[in-house]
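K.L.:
Here is my input; please provide its structure:
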Amino acid sequence: MKFSIEKGIITKALAQISRVVERRNTVPILANVVIRASNGSLSLRATDLDLEISISIPAQIETPGVTTVQAHLLSDIVRKLSGETVSFEMKASGQEVSVGAGRSKFTLQCLPEADMPDMSVGSFTHSFSLPASQLKKLISRTQFAISTEETRYYLNGIFFHATEDKGRDVLRGVATDGHRLALANVEQPDGAAGMPGIIIPRKTVGELDKMLEGEKEVFLEVSDSKIRLTIGDAIISSKLIDGTFPDYRRVIPTENNVVAIADTKAISTATDRVSTISSERGKAVKMTFSAGNLHLEVNNPDSGAAEDDVEIDFDAELPQLQIGFNSKYVNDILGNIQSKRARFHLQDAGSPTIIKDEEGDDTLYVLMPMRV
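P.N.:
Reported below is the predicted structural model:
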């Protein structure tokens, strides 16, 4: 195997590929990246057995071939090389490869490509194309609510499924950690109807969010246990979480008839301001909704007290409604509100609150109250 490639191209590709490779591996081959040179292009592939990324990039191929080298080591070397062109050549033994640019040259140990597991094999029951911006919307609006509690592993990802919403077919993403719930809809693409409900793991979600940036279209293939996505020159294959996502619809209140509308930035800034004095563990803020005003208050016995006020529209027969929230959760949600003003749909101090954009119902957030 012998080829040369533009440094900027392979540096970017190796940075993407290396993110899937764990720095500590008990299985040596899983620390490596497969390098396959053929037909005028270079293919890079790496996996951690749960997630696999493959990227094809243009290169000047002199002699086709395939091998594997340590992913993070190769990425670090290529990034530090001087010169615009990087050359690769496998030694006659097949156990070493030389990497160089300018006056610099490195010799790296190889492992056979046959040892590398391949996640791309398998059949898929549903396949469809989706604008990358829509998939990114489903991810970016919901991933903050993914649970990090490993005991409830079925909450450690985003639940995607095809469903109906107010008479229209949608593809929906849902995430929850038990304290807050995030839901987003996009128009259901052709081919998605009847697809199994799937839970995409947190690590895969994070990689997708990065790789979708700037792309126009993504092709998805789905089965009960695996998902494969083609994004430009990259292919991501991932295992799905083997579990049952809870019936999230039961968590969404249906009788929250008290409505408050506030400037999204103003309420977020005020919440952040008063929470400065709150305890790191609780982050509790008391909100008092009343005609024309939202009063925010934090009391910390160890530090002191803080209060602030925000002008709101408050549509209720009640003179006021007091409710406590985790201030971090409030701002996580408000950070995903796209409209200038946010709608709070409330019921009472002990019931979950719905937060939405002022216009449009394609996203919805449920926030559990706190005792304050």
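
K.L.:
before we move on, which element is Arg79 in?
P.N.:
Secondary-structure assignment from DSSP states H and E places Arg79 in helix 71-80.

K.L.:
now Ala305
P.N.:
Going by DSSP H and E, Ala305 is part of strand 304-315.

K.L.:
Name every strand pairing with that strand and say which way it goes.
P.N.:
Strand 304-315 pairs in its sheet with strand 258-263 (antiparallel), strand 293-300 (antiparallel), by DSSP bridges.

K.L.:
So what touches the longest one?
P.N.:
I take that to be strand 293-300. Outside of strand 293-300, the residues within contact range by Cβ atoms under 8 Å, 6 or more residues apart in numbering are 260, 262, 267, 270-271, 274-275, 277-279, 284-288, 305-312, 314, 327, 372. Heads up, the C-betas are built off the backbone N, CA and C, glycines and all.

K.L.:
swap the cut-off to 7 Å and go again
P.N.:
With contacts defined as Cβ atoms under 7 Å, 6 or more residues apart in numbering, strand 293-300 is touched by 260, 262, 267, 270-271, 274-275, 277-279, 285-288, 305-312.

K.L.:
With the shortest one instead?
P.N.:
For strand 258-263, the external contacting residues (Cβ under 7 Å, 6+ apart) are 289, 294, 310, 312-316, 318, 321, 340-347, 358.

K.L.:
which stretches of the stretch 201-350 of the chain aren't confidently modelled?
P.N.:
Counting by pLDDT under 70, the stretch 201-350 of the chain contains no low-confidence range.

K.L.:
All the strands of it, residue numbers only.
P.N.:
Assigned by DSSP state E, counting those that start in this stretch, the strands in the stretch 201-350 of the chain fall at 217-222, 226-231, 234-239, 258-263, 284-290, 293-300, 304-315, 320-326, 341-346.

K.L.:
To Leu111, which of the ones you listed lies closest?
P.N.:
Leu111 lies closest, by Cβ to Cβ, to one member of the strands of the stretch 201-350 of the chain: strand 234-239, at 20.7 Å.

K.L.:
how far out from the middle of the chain is that closest one?
P.N.:
14 Å (Cα atoms, centre = their mean, to the nearest Å).

K.L.:
and it, what other elements does it pack with?
P.N.:
With contacts defined as 3 or more Cβ pairs under 7 Å, 6 or more residues apart in numbering; DSSP states H and E, the packing partners of strand 234-239 are strand 51-58, helix 202-211, strand 226-231.

K.L.:
sorry, back to before: tell me which of the strands of the stretch 201-350 of the chain approaches Ile333 most closely.
P.N.:
Nearest to Ile333 among the strands of the stretch 201-350 of the chain is strand 341-346 (8.3 Å), distances taken as Cβ to Cβ.

K.L.:
downstream neighbour of the closest one in the secondary structure list?
P.N.:
Counting by DSSP H and E, the element after strand 341-346 in chain order, helix or strand, is strand 353-357.

K.L.:
Mind listing residues that contact whichever helix or strand comes after that next one?
P.N.:
Sequence-wise, the next helix or strand downstream of strand 353-357 (DSSP H and E) is strand 363-367. Under the contact criterion Cβ under 7 Å, 6+ apart, strand 363-367 has outside partners 141, 180-184, 251-252, 325, 329-330, 333, 352-357.

K.L.:
change it to 8 Å
P.N.:
141, 145, 176, 179-185, 251-253, 325, 329-330, 333, 336-338, 352-357.

K.L.:
now do stretch 315-322
P.N.:
For stretch 315-322, contacts defined as Cβ under 8 Å, 6+ apart pick out 258-261, 286-291, 346, 348-349.

K.L.:
now the residues you listed as JSON lines including distance to Glu213 and neighbour count?
P.N.:
Output for the contacts of stretch 315-322, formatted as JSON lines (distance: Cβ to Cβ, whole Å; neighbours: other Cβ atoms under 10 Å):
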{"residue": "Val258", "distance to Glu213": "39", "neighbour count": "19"}
{"residue": "Val259", "distance to Glu213": "35", "neighbour count": "16"}
{"residue": "Ala260", "distance to Glu213": "34", "neighbour count": "23"}
{"residue": "Ile261", "distance to Glu213": "32", "neighbour count": "16"}
{"residue": "Lys286", "distance to Glu213": "39", "neighbour count": "19"}
{"residue": "Met287", "distance to Glu213": "35", "neighbour count": "27"}
{"residue": "Thr288", "distance to Glu213": "40", "neighbour count": "15"}
{"residue": "Phe289", "distance to Glu213": "38", "neighbour count": "21"}
{"residue": "Ser290", "distance to Glu213": "42", "neighbour count": "16"}
{"residue": "Ala291", "distance to Glu213": "44", "neighbour count": "12"}
{"residue": "Leu346", "distance to Glu213": "36", "neighbour count": "24"}
{"residue": "Asp348", "distance to Glu213": "42", "neighbour count": "13"}
{"residue": "Ala349", "distance to Glu213": "41", "neighbour count": "15"}
